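>>> sequence unavailable; structure follows:
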C-alpha cells in the first residue's frame, strides 16, 4: 500500500468535493469528508475496479448506501477516469449526469441508485449472493451511515448477510456520530455497536477510518474471514480535513459560504 | 357455469416451467411461499429460491442485487405487503435505477375474505400505476395468468402483476395470446361498454345478456394491462359506445377506472361511471359476502349501467 499516494488522492478528492458543493450551493460535505479516506483506499488500492472492467461481472463493487455522500463517490469515479473530471462542475445542476444522490441510470460506475436510506445493504447482499451462485470471486463493499442505520430495513438486511454467510461482503459503518438533527447518541444510539453487529453474525473489526494503516489491516483481515460477513466499524470525524467543519453538524447538508469555502480550500491546499 | 381455476396456482406452475427452461430465473418470497404458490418453484429449484422471511423491504432490495449480476428475479407476497409496505423500495431501489425485477402479488382485493381489511389491498393498482415506468397487469383467469407470467419473464423491465386468492371462472383458451399493453375485446356495445379487469371480467360478462333484455346494448373489454393501457381499444370503444362503465376489484381511486378516464376524456365527450370499492376499507367475511356488500356483483353492474344509460 502506498500510503503517501492514498493520502494525496484523498486530499485531491476532498478539494473536488468542496468545490462541487460550493459550485452547486448544495450537497453534503461533512459525511463525504468522513467517508472519503476509506473510499479512496477502496477505489485506489483495494478494489478490482477500473475504466476497463467496471462493467464486467467480475469487478469488485462499492455501494454507497449513505447516498448523500454522493460528492465523494463522484470524485472517486472521476479520479478513476470512469468519466471526465470536467463533469464535476455540473454536480446537482440541470441536465447533469451527477445527480444530488447517486443515480445508476445517469452516472457510469454507480452500482445502484441510493439516497433513500437503509436500502443499500439489501442490494449488496443480493449482489454477494448472486456472485456466489455464479462462482464469481468478486467482493462487495457497502458503506452505511451511522444515522442511516436508524432504518429498519438495514437490520433486516444484516440478518440476510449472516443467514447466507456472505464472506464476500464487507459492510463499512461510517461512524461519525452526527445526523441532521444532532448527535446520534441523542436520537437512536447504535452503541454498543461492536456487540450488536457481532450478535447479528458479523466478524467485526473496529478501526480509525482516517488511518490508512488501520484501514489496510482491516480489509486484509477481512479477506481471511470465511463463512461470515465482515463488518468494519470505522470511527470517523464528520467534516474531517477542514478544522472548522470537523464535528460540526452545520456542514451536514449546508454548503459553505464564500469565506468558509476559501478558508477550507486554503487548509486543504496546504496539506 | 364455467370451471373455476386458481391464478396463483397457475403462476406457481408457470414459474417451475420457466425455471426448467431458464437458469437465470430466481424467486424470492417473504414467508408466504405456501400461499403465493412460489413453493412449487422452491420444491423444484431450492438453490434458486430465497425465502427472505417477513422482511419485504429486504426482499425487494436483495432482488435488485440479483438483477444487477444478471439474474431475473421474481418477488412474491400478498398484494398488501408487496406494494403498500414497500412503495419506497419499489420506487427507489427497483424503478429509479431501473432493475429488471418482477413483482407478482397474490391475495389482492377484498376477495382475501376472512383475514379482513388489514390484508385486503385495494390500492395496489393505484400505487403501482404511479411509479414511473412501472408496468401493471391484472389477469382475469388462470390461462391468462400463465401467459402473462411467461410474458413477464421475457419483458426486460420491472413490472407488477396482481392475482387474487380465490379461483376465477375460466374465460380463455390455452391458444389465446395476451400481450402486455393489449386487451381482449369480448364485444363493443352500441350503448355502453364495460371495461373491466381481474375478477370483475367474468361477473361483467354475465350481465351482457341481461342488459340486452333491458334494451341496453352493452359490450365488454378485458383490460388486463392497466399500464401501459390499450389506448387504441379505448378509442375504438368510443367510436361506437356512448358510455363507458369500468369495473374493478379495487378502490375507485387511481386504478383501472382512472386510467381509462384519462384516455377517454382527452378523446371526446363521453359519459363514464366507475364500479369499484368506494373510499373505504373492506372487512372480514366470505368473498361472496364481501362482493355483495361492496357492490361487486352482476346486480351492481346492471344498476350502475342502467343509470349511466339513462343519462346518455
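Received it, and whenever you're ready, just let me know what you need. Just so it is clear, the structure is predicted and the values come from calculations on it, not from any experiment.

>>> show me where chain A has strands.
A:61-64, A:140-145, A:169-175, A:178-179, A:182-183, A:203-208, A:230-235 (DSSP state E).

>>> contacts only, for residue 125.
Picking chain A for this. By Cβ atoms under 8 Å, 6 or more residues apart in numbering or on different chains, residue A:125 lies in contact with A:157, A:160, A:161, A:164, A:166, A:169, B:58, B:61, B:62, B:65. Using the backbone N, CA and C atoms, a C-beta is placed for each residue, glycine as well.

>>> the intended chain is chain B.
B:136, B:138, B:162, B:226, B:248, B:250, B:254, B:255, B:256.

>>> can you say which helix or strand has the nearest residue to the fourth one once chain neighbours are set aside in it?
Looking back up the chat, that one is residue B:226. Sequence neighbours aside, residue B:136 is the residue nearest to residue B:226 in space, at 4.2 Å (criterion: Cβ to Cβ, 6 or more residues apart in numbering or on different chains). Per DSSP states H and E: residue B:136 is located in strand B:135-137.

>>> can you list contacts of that strand?
Contacts of strand B:135-137 (Cβ under 8 Å, 6+ apart): B:125, B:128-129, B:148, B:152, B:155, B:157-162, B:180, B:224-228.

>>> paired strands for that strand, with orientation please.
strand B:159-162 (parallel), strand B:225-227 (antiparallel) (DSSP bridges).

>>> I'd guessed residue B:11 sits against residue B:37; true?
Yes. With contact defined as Cβ atoms under 8 Å, residue B:11 counts as touching residue B:37 (6.0 Å).

>>> which residues are in contact with each of these two?
residue B:106.

>>> closest point of the stretch 101-250 of chain A to chain B, which residue?
residue A:126 (1.8 Å; Cβ to the nearest Cβ).

>>> so who does that residue touch?
B:61, B:62, B:63, B:64, B:65, B:66, B:67, B:68, B:69.

>>> the last one contacts residue A:127, correct?
The one in question is residue B:69. Yes. Here residue B:69 lies in contact with residue A:127, judged by Cβ under 8 Å, at a distance of 5.8 Å.

>>> these two: which has the busier surroundings?
Neighbours were counted for residue B:69 and for residue A:127 using other Cβ atoms under 10 Å in any protein chain shown; residue A:127 has more, 29 against 21.

>>> which residue sits closest to the residue in chain B positioned nearest to chain A, ignoring its sequence neighbours?
Nearest residue of chain B to chain A (Cβ to the nearest Cβ) works out as residue B:65 at 1.8 Å. Distances taken as Cβ to Cβ, 6+ apart put residue A:126 closest to residue B:65, at 1.8 Å, once the chain neighbours are dropped.

>>> quick one: pLDDT of that neighbour?
For residue A:126, the pLDDT comes out at 98.

>>> report the secondary structure state of residue B:115.
At residue B:115, secondary structure determined by DSSP: H, G, I helix; E, B strand; the rest coil is coil.

>>> run a quick neighbour tally on it.
Residues near residue B:115, counting by other Cβ under 10 Å, number 14.

>>> tell me which residues touch the nearest residue to it once chain neighbours are set aside, please.
Excluding its sequence neighbours, the residue lying closest to residue B:115 (Cβ to Cβ, 6+ apart) is residue B:284, at 7.1 Å. Listed by Cβ under 8 Å, 6+ apart, the contact partners of residue B:284 are B:113, B:114, B:115, B:116, B:117.

>>> low-confidence ranges, chain B, go.
Applying pLDDT under 70 to chain B picks out residues B:1.

>>> now residue B:126: which helix or strand?
Going by DSSP H and E, residue B:126 is part of helix B:124-130.

>>> how far off centre is that helix?
On the basis of Cα atoms, centre = their mean, to the nearest Å, helix B:124-130 sits 11 Å off its chain's mean C-alpha point.

>>> neighbours of residue 226, how many?
I'll assume chain A. 8.

>>> my question was about chain B, not that one.
Residues near residue B:226, counting by other Cβ under 10 Å, number 28.
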